[in-house]
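Student: what's the 3D shape of this:
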Amino acid sequence: MPPFQEKSLFETWPAIRYVIYAIIALILSVLHVVFLNLISVSSITPDLLLVLCVWIAITEGQFIGIFAGFGCGLLFDILSADVLGSNALAKTLAAFVAGYFFKEKFTDQTIGSYKFIIAVFVSSMVHNLTYFFFYVRPTDITFSGFFLKYGVASTLYTSVAAIFPMLIKAQKLTRR
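Tutor: This next block holds a predicted model:
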C-alpha cells in the first residue's frame, strides 16, 4: 500500500497559478510605473513585466505565454497611460518568441540556467523592435539611433534584471 501523499495547492486547484501570475503582474506594473524611475539609467529602465512574460511562456508554454503577454501589456498600457495596445502587441510577440524556449519536462532547468537570460534577451529585442517602432519620429532621430539608444540599452538592462530570478531558481534547484 503506497503511503498517503498530501497534494499541493497547485495540484488541488491548478488555476491558482494564473491568479498568482495576475497578482504578480499587477504588482510589477505598479512598481514599474511608481518606483522604477529610481533605478533608471538615462531614462532607461528594465522591463520587469517582460521578464514575467518570458517566465510564464517558458513555464506554461507558448499558448499561455501569448495570453500572458497580451494581458501584461494591456495592463501596463492602462496603468502607464501609454498608447493603448503598443505594449500589448509588443509583449504578445515577445512571449510568442519566448515560447520557443519551452521544453515540457525541463522548465526548471531552463529558468535556472543561462538559457533563461538568452530567452529574455531575444524576447526583449523583439519587444523593443515592435514597441519602439511606434515612437520613432523622423525629425527627432533615426530609427537605428533611437533603437540603439533605447532598444539595445533596454534589452541589456532587462537581461541583467532577469539574472535575479534565474539565480533564485538555480539556488532552489541545487537545494533539491
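Student: just give the nearest non-adjacent residue to Tyr21, would you?
Tutor: Nearest residue to Tyr21 in three dimensions, chain neighbours excluded: Ile56, at 5.9 Å (CB to CB, 6 or more residues apart in numbering). Where C-beta positions appear, they are placed from N, C-alpha and C, glycine not excepted.
Student: pretty sure the one you found contacts Gly65?
Tutor: Yes - Ile56 lies in contact with Gly65 (CB atoms under 8 Å); the separation is 5.3 Å.
Student: hmm, back to that, so who does the residue nearest to Tyr21 touch?
Tutor: Tyr21, Ile64, Gly65, Ala68, Ala95 (CB atoms under 8 Å, 6 or more residues apart in numbering).
Student: what do you get if the cut-off is 7 Å, keeping everything else the same?
Tutor: Ile56 makes contact with Tyr21, Ile64, Gly65, Ala68, according to CB atoms under 7 Å, 6 or more residues apart in numbering.
Student: farthest pair in those?
Tutor: Spanning the widest gap among these are Tyr21 and Gly65, at 10.5 Å by CB to CB.
Student: neighbour count winner among the two?
Tutor: The residue with more neighbours, out of Tyr21 and Gly65, is Gly65; 29 against 21, by other CB atoms under 10 Å.
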